[in-house]
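Enquirer: quick one, what's the 3D model for this:
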Amino acid sequence: MNTITTDITWFRAAPVEAFPENGGACIKLGNDQIAVFNFTARNEWYACQNLCPHKMQMILSRGIIGDTCGEPKVACPFHKKNFSLTTGENLNGEDYRIKVYPVKVENGEVFVGVGNEISDQW
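Expert: Coordinates of the predicted model:
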């Protein structure tokens, strides 16, 4: 199932310095844990749910980031399940996926976008 996001609300995560280069850190937004990645090797930022759906552990912020054929990914540090940081797709071909969030950096601050989502399958 795909979702269509409308009206993004941006939340301040932390200053840029709070995130390790080529690594991630976890922020809490309401009741949700979100992994934010400073992928300096690509000069890009990504965010996804912190919960790995494979074993239901809050661990993705400590995952290993890299890419597969140009697709940025995070690998769960426990079981090495790989997820796209752009689509949330499981790159191992399994059915479960992760939620991804837009990220922007302004004036040295990192922001994570959360939107109102609706299903595109009625």
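
Enquirer: now the residue nearest the centre of the chain: which helix or strand?
Expert: Residue closest to the average C-alpha location in the chain (C-alpha atoms, centre = their mean): Cys48, at 2.0 Å. Counting by DSSP states H and E, the element that carries Cys48 is strand 44-49.

Enquirer: for that strand, packing partners?
Expert: With contacts taken as 3 or more C-beta pairs under 8 Å, 6 or more residues apart in numbering; DSSP states H and E, strand 44-49 sits against strand 32-39, strand 71-75, strand 100-101, strand 103-106. To be clear about C-beta, it is placed using only N, CA and C from the backbone, and glycine gets the same treatment.

Enquirer: buried stuff in the second one?
Expert: What it means is strand 71-75. The neighbour-count check on strand 71-75 (16 or more other C-beta atoms under 10 Å) flags 72-75 as buried.

Enquirer: now render those residues as CSV, adding distance to Gly63.
Expert: Below are these laid out as CSV (distance: C-beta to C-beta, whole Å):
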residue, distance to Gly63
Pro72, 12
Lys73, 9
Val74, 4
Ala75, 5
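
Enquirer: please identify which of these is nearest to Phe37.
Expert: Val74 (6.8 Å; C-beta to C-beta).

Enquirer: hang on, isn't the closest one packed against Gly23?
Expert: No - applying C-beta atoms under 8 Å as the test, Val74 and Gly23 come out as separate, 10.2 Å apart.

Enquirer: list residues touching both of these two?
Expert: 37, 65 (C-beta atoms under 8 Å, 6 or more residues apart in numbering).

Enquirer: thinking again about what came up before, quick one, the strand holding Cys48 and strand 71-75 angle?
Expert: With axes from the mean of the first three to the mean of the last three C-alpha atoms, to 10 degrees applied, the angle from strand 44-49 to strand 71-75 works out at 50 degrees.
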